[in-house]
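Trainee: Just the structure for this:
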Amino acid sequence: MPSIKLKNGVLERIQKEYSLNDSELAAKIGIDYSMLWRIKAGRNRPGQQFVARMLNAFPELTFEDVFFLDVTSHGNQATGRGLQNGKRN
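Mentor: All right, here's what the predicted structure looks like:
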């Protein structure tokens, strides 16, 4: 199943263009600063709610301006099949 990911550097470019620090960006999006930090650090993936809030806060941006769908597959989680130690199990 595809996952939503941020394009590299997009939040930093938005912050620079709109002269927003992290706290201001989080407030504009309507999320906690800590959630913004976790998303920027790659600890959390942006979920549907983040996507909706981001696009609502910046209506001039499209989904494709900010996000992409990662459709790469690293094994089948449902069956437990995939690569283990470099070998298919």
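Trainee: Show me the strands in the chain, by range?
Mentor: Remark: strands assigned in the chain by DSSP state E are 3-6, 67-70, 83-84, 87-88.
Trainee: Check which residues of the second one are buried.
Mentor: Think strand 67-70. For strand 67-70, burial by neighbour count (16 or more other C-beta atoms under 10 Å) applies to residue 67. (C-beta placed from N, C-alpha, C; glycine too.)
Trainee: what separates that strand from the chain centre, distance-wise?
Mentor: Centroid separation between strand 67-70 and its chain, computed with C-alpha atoms, centre = their mean, to the nearest Å, is 8 Å.
Trainee: List of residues touching stretch 42-58?
Mentor: Outside stretch 42-58, the residues that touch it by C-beta atoms under 8 Å, 6 or more residues apart in numbering are 3-6, 14, 28-31, 35, 38-39, 61-63, 66-67.
Trainee: Now with 7 Å, please.
Mentor: With C-beta atoms under 7 Å, 6 or more residues apart in numbering as the test, stretch 42-58 has contacts from 3-6, 14, 28-31, 35, 38-39, 61, 63, 66-67.
Trainee: State the number of residues packed around residue 39.
Mentor: Using other C-beta atoms under 10 Å, residue 39 has 21 neighbouring residues.
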